[in-house]
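>>> Requesting a structural model of the entry that follows:
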Amino acid sequence: MAKRSISEVRQDFEALDKQLLSLLAQRSQLSEEMGALKAESHINSLQPAIWEAHLANRLTENMIFQLDVVFLHKIFNLIHEESLRIQNQILANKK
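Have a look, this model is predicted:
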């Protein structure tokens, strides 16, 4: 197997980063939809038991990938905080 250049690896980083941005944008749209549904149903944006179960599921799925657990906690907590920010904004606008 031929050794790849730094430039080639950087191009792969660029492609993956674009995919990450696309996925995060899609997740933000879902957060908007969830915020609207919660507003209609008069449900709080933060539901700790559901969040804990969701995070536990991601960590279980990580057994396949073997990513650093501390890293995953940080990433998923940041993603969740952004989702809550979006949902809270929608809930505030519905009042």
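>>> Quick test: name the residue nearest the centre of the chain.
Note on the chain: the residue nearest the mean C-alpha position is residue 79, at 4.0 Å, using CA atoms, centre = their mean.
>>> helix or strand for that one, which one?
In this structure, residue 79 sits in helix 69-94 according to DSSP states H and E.
>>> any idea how far residue 71 is from the closest residue to residue 72 other than its chain neighbours?
Of all residues not flanking residue 72 in the chain, residue 62 sits nearest, at 5.9 Å (CB to CB, 6 or more residues apart in numbering). Bear in mind the C-beta positions are built from the backbone N, C-alpha and C, glycine included. Noted for residue 62: a distance of 10 Å to residue 71, by CB to CB, to the nearest Å.
>>> Comparing those two, which residue is more hemmed in?
A count of neighbours by other CB atoms under 10 Å puts residue 62 above the other of residue 62 and residue 71, at 14 against 10.
>>> Help me confirm that the more buried one comes into contact with residue 69.
Yes - with contact defined as CB atoms under 8 Å, residue 62 counts as touching residue 69 (7.0 Å).
>>> Find the nearest non-adjacent residue to residue 79, please.
That would be residue 27: by CB to CB, 6+ apart, it lies 6.9 Å from residue 79.
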